[in-house]
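**Student:** any chance you could fold what I've pasted below:
(2 chains)
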Amino acid sequence: AQTVTQSQPEMSVQEAETVTLSCTYDTSESDYYLFWYKQPPSRQMILVIRQEAYKQQNATENRFSVNFQKAAKSFSLKISDSQLGDAAMYFCAYRSALLIQDMRFGAGTRLTVKP
Amino acid sequence: ETGVTQTPRHLVMGMTNKKSLKCEQHLGHNAMYWYKQSAKKPLELMFVYSLEERVENNSVPSRFSPECPNSSHLFLHLHTLQPEDSALYLCASSAQASSYEQYFGPGTRLTVT
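**Tutor:** Okay, here's the model as predicted:
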């Protein structure tokens, strides 16, 4: 069974600094998608960034970038120039390219941003 | 209303009650999803609907019964729930079932007493 593991239940970062959130996953498939979702307190979950497994280039969205290591099954999220609004729960997620119902999330990392 | 909306936002029900959760998406999407978010557990995908047809039921107990009357609306009918069913129930939609991005609603916080 595919699993997604986030080993850091909580992280904190100083405003304007950089933080990296870790995620590892387990799969026997070669084609799949990986995501980072953000869930601010009492607010809706939104997609931060996605990565297609067949792409070697790491995805980037403004201050957010990933380090995708397919062989190691690792998918970390780097947040640069952290802002107070980045404080949230961050969830790593895996979705099979073959089975749309195979969507799995990690347990989440709570990120605190200190002013 | 924009995006994905869910009602009610909070629900308290006894184990013998019957209630329904409602989700509506205003994005013109063709796929909708129900997730369960329990404390200290990963988000679990419960049901997937594509073009109003249920694609998969991820081994969810029969006390949860989904309904998708059209591509904009999704319901989750609840009956004879257990206290361990207390959780945040999230609805999401995507353009197609194969689309990358899912848009989430704010969730319904369910407490079973």
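**Student:** now the residue in chain A that chain B sits nearest to. Nearest residue, chain neighbours left out?
**Tutor:** Among the residues of chain A, residue A:101 lies nearest to chain B; the distance is 3.4 Å by Cβ to the nearest Cβ. For every residue, glycine as well, the C-beta is placed using N, CA and C. Nearest residue to residue A:101, sequence neighbours excluded (Cβ to Cβ, 6 or more residues apart in numbering or on different chains): residue B:56, at 3.4 Å.
**Student:** likewise residue A:112?
**Tutor:** residue A:12 (4.2 Å).
**Student:** next one: residue B:35
**Tutor:** residue B:90 (4.3 Å).
**Student:** show me which residues of chain B are close to chain A?
**Tutor:** B:3-4, B:31, B:33, B:40-45, B:48, B:50, B:55-56, B:58, B:90, B:97-98, B:100-102, B:104-107 (Cβ under 8 Å from any Cβ of the partner chain).
**Student:** buried members of those residues into PyMOL, please.
**Tutor:** To isolate the buried members of the residues of chain B next to chain A in PyMOL, using 16 or more other Cβ atoms under 10 Å in any protein chain shown:
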select buried, chain B and resi 4+31+33+42+43+44+45+48+50+56+90+97+102+104+105+106+107
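**Student:** so of the residues of chain B next to chain A, which ones are in strands?
**Tutor:** B:4, B:31, B:33, B:44-45, B:48, B:50, B:55-56, B:90, B:104 (DSSP state E).
**Student:** tell me who's in contact with the residue nearest to residue B:35.
**Tutor:** A:45, B:6, B:34-37, B:43, B:104-105, B:107 (Cβ atoms under 8 Å, 6 or more residues apart in numbering or on different chains).
**Student:** distance-wise, check the residue of chain A closest to chain B relative to residue A:114.
**Tutor:** Distance of residue A:101 to residue A:114, computed by Cβ to Cβ, to the nearest Å: 40 Å.
**Student:** okay, which residue is most central for the chain?
**Tutor:** Since no chain was named, I'll use chain A. residue A:36 (3.2 Å; Cα atoms, centre = their mean).
**Student:** ah, no, chain B please
**Tutor:** So for chain B, Cα atoms, centre = their mean, it's residue B:34, sitting 3.2 Å from the centre.
**Student:** and residue B:70, what are its bridge partners?
**Tutor:** Counting by DSSP bridges, residue B:70 forms beta bridges with residue B:73.
**Student:** picking that back up, got the ones in strands among the residues of chain B next to chain A as CSV, with pLDDT columns?
**Tutor:** Formatted as CSV, these follow (pLDDT from 0 to 100):
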residue, pLDDT
B:4, 96
B:31, 92
B:33, 94
B:44, 92
B:45, 92
B:48, 91
B:50, 86
B:55, 77
B:56, 71
B:90, 96
B:104, 95
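**Student:** show me which pair in these is furthest apart.
**Tutor:** Farthest pair in those (Cβ to Cβ) is B:4 and B:56. Separation: 19.8 Å.
**Student:** how about low-confidence regions in chain A?
**Tutor:** Low-confidence segments of chain A (pLDDT under 70): A:1-2.
**Student:** so residue B:63 sits against residue B:81, correct?
**Tutor:** Yes - taking Cβ atoms under 8 Å as the definition, residue B:63 is a contact partner of residue B:81 at 5.8 Å.
**Student:** these two: who's more crowded?
**Tutor:** Each of residue B:63 and residue B:81 has its neighbours counted (other Cβ atoms under 10 Å in any protein chain shown); residue B:81 has more, 22 against 14.
**Student:** alright, that wraps it up for me.
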